[in-house]
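Colleague: here are the coordinates; sequence isn't available:
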């Protein structure tokens, strides 16, 4: 009953915040806005990060690397790079603020004598990551597959509900429940994974005991297992024919992460070499340092390597250093000064925002995807180069909420409230007193805001063109179905049209229009000519402005890199590959093809559909 009370309290709190604050935004800002216990905190995180970036002042600095080689050797394999660290015998890192200082150091180092001062070798073990929870699945799918959190959960739901597998003659759920904060694994699944690893890779890849992962998330309930395949022996390649491209890519990610989590650790040999530069014209000795590593035993890296965020560095791929020993002389090949500028903190991507929300204890695994979708759909945030950037509306709404409801958008307060809800679930608190303690001061803030919150007008974003009907400037407005272009003279002039994101590539079929981003009925992104219906050219993958270096043809960016449609059309099953067609198709023909495609999918129960060739309208495409 405690879990029921906790869920009930959570739903009531969410509705109290949403139902009482949202009408204030409607009256004082504009309609169709919303506030929420989690979404408003997420918006504040994004806005605060953007203001950090705006206030950031970049500073110039330089680095110097020396290209060194074993004495007397002329081969590339005996060359390596060492970075200038500082003065010999001093712990402080040497600061190089400008080009003048960098050039002076280069001039001092060029005639120097370089000698190996110290060589440190050690063996390092790298442990595999835990199997996926909801948040880590969303993060990794964003990094590796470029899926939004919403798309990840939609595809994961399909894999969980079941896919018809012809080999087994029935629909099979391919993964376990995908809304979880637990890294626990059933003993039977561990034993099956260990048997598979021993059979596929050998006994050396199986750890002595099954791996158990500690809880990482704050307030984790651990009501379910981690996300894993229902059978380790159901390999991704075995079920690929029955899956769509998105289903296959996500299942492959989940399967590899789980199998890797039960494998032996990777072993790396790392080497650090300290080099002394002496006999300089200034009489100053310098310290340079080189680092290298080589994989001694791949372990779990044989099948999986975890993705990294902006500030994370993966050292596994460092180039190994040549064999050197202390007091060995080295030859200087070149000195490479390089200019840098300090960078502001990066904008949040969906993966990093989910990570911060989980670390701060805000929201539950099931809320991350709808939270991000909501703040995007409300127009508070837009995606720019896979980053979340607040709009003018987002700044305005956030500033009002911070001023009139400081607790609601405070990260610490929201995290404390989550802890109280978890206390209700564990039976340590009663749910009614928690709601009463929250509502009394909150309702006072609502009444005060209703009396004092000013009306704020959010200016429409200029589009940069004039209305073709009346000559007034066009602006970008937010409507029920998202952003669109309208005349600033509304309601006198009612000219309006869709806002199309241009990709900067001319249509290869008609040569007149530009390719723009469009969305199918299933919310899948594709690219088409902006002259539709006069030109029906479409393609799933993002077009590239650079022509094919071999034939000068039209290229698209696929997961495996650029691909020329003239030479190798983009389809999901290589066996179905045929030369790309660029024939014009009427709207009626496209509609008929869409109906046939839909009927085929129903008949085959989720059978995969190949990507359309260039010039064909994707089934279900919405113009």
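Modeller: Nice, thanks for sending it over. Small disclaimer: the values here were computed from a predicted structure and weren't measured. Numbers count the residues shown, from 1 in each chain.

Colleague: quick one, helices of the chain?
Modeller: 2-28, 39-55, 99-109, 134-140, 149-161, 187-201, 236-239, 245-261, 350-359, 368-377, 392-404, 411-425, 431-452, 587-604 (DSSP state H).

Colleague: and those helices, which is most packed in?
Modeller: Most buried of these, by mean neighbour count (mean count of other C-beta atoms under 10 Å): helix 134-140, with a mean of 26. For every residue, glycine as well, the C-beta is placed using N, CA and C.

Colleague: what average pLDDT does that one get?
Modeller: The average pLDDT for helix 134-140 rounds to 92.

Colleague: ok, and what's touching that helix?
Modeller: 129-130, 132, 149, 152-153, 156, 178-181, 217, 227, 253-254, 257, 306-307, 350-352, 354-355, 357-358, 365-366, 368-369 (C-beta atoms under 8 Å, 6 or more residues apart in numbering).

Colleague: just stretch 191-205 next, same as before
Modeller: 206, 210, 231-233, 258-259, 262-264, 297, 299-300, 302.

Colleague: how distant is that stretch from the center of its chain?
Modeller: 31 Å (C-alpha atoms, centre = their mean, to the nearest Å).

Colleague: same check, this time on stretch 231-248
Modeller: Centroid displacement of stretch 231-248 relative to its chain, using C-alpha atoms, centre = their mean, is 23 Å.

Colleague: pretty sure residue 32 sits against residue 378.
Modeller: Yes - shown here, residue 32 and residue 378 form a contact pair, counting by C-beta atoms under 8 Å, at 7.3 Å.

Colleague: more crowded one of these two?
Modeller: residue 378 (21 against 13; other C-beta atoms under 10 Å).

Colleague: what about the more buried one, distance to residue 18?
Modeller: Per C-beta to C-beta, to the nearest Å, residue 378 is found 12 Å from residue 18.

Colleague: for the nearest residue to residue 420 once chain neighbours are set aside, give me its contacts.
Modeller: Once flanking residues are discounted, residue 420 sits nearest to residue 434: 5.2 Å by C-beta to C-beta, 6 or more residues apart in numbering. Counting by C-beta under 8 Å, 6+ apart, residue 434 touches 9, 420, 421, 424.

Colleague: quick revisit: anything in contact with each of residue 378 and residue 18?
Modeller: With C-beta under 8 Å, 6+ apart, residue 378 and residue 18 have common neighbours residue 34.

Colleague: what's the pLDDT at residue 347?
Modeller: For residue 347, pLDDT reads 94.

Colleague: quick check on the contacts of stretch 191-205: which are buried?
Modeller: With burial judged by 16 or more other C-beta atoms under 10 Å, the buried subset of those is 206, 232, 258, 259, 262, 263, 264, 297, 299, 300, 302.

Colleague: kindly reformat the residues you listed as JSON lines containing distance to residue 282 and pLDDT.
Modeller: Below are the buried ones among the contacts of stretch 191-205 laid out as JSON lines (distance: C-beta to C-beta, whole Å; pLDDT from 0 to 100):
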{"residue": "206", "distance to residue 282": "58", "pLDDT": "94"}
{"residue": "232", "distance to residue 282": "63", "pLDDT": "95"}
{"residue": "258", "distance to residue 282": "58", "pLDDT": "96"}
{"residue": "259", "distance to residue 282": "57", "pLDDT": "96"}
{"residue": "262", "distance to residue 282": "57", "pLDDT": "94"}
{"residue": "263", "distance to residue 282": "53", "pLDDT": "95"}
{"residue": "264", "distance to residue 282": "51", "pLDDT": "95"}
{"residue": "297", "distance to residue 282": "46", "pLDDT": "93"}
{"residue": "299", "distance to residue 282": "48", "pLDDT": "93"}
{"residue": "300", "distance to residue 282": "49", "pLDDT": "94"}
{"residue": "302", "distance to residue 282": "50", "pLDDT": "92"}
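
Colleague: which stretch in the helices of the chain has the least confidence?
Modeller: Taking the mean pLDDT of these, helix 587-604 comes last: a mean of 38.
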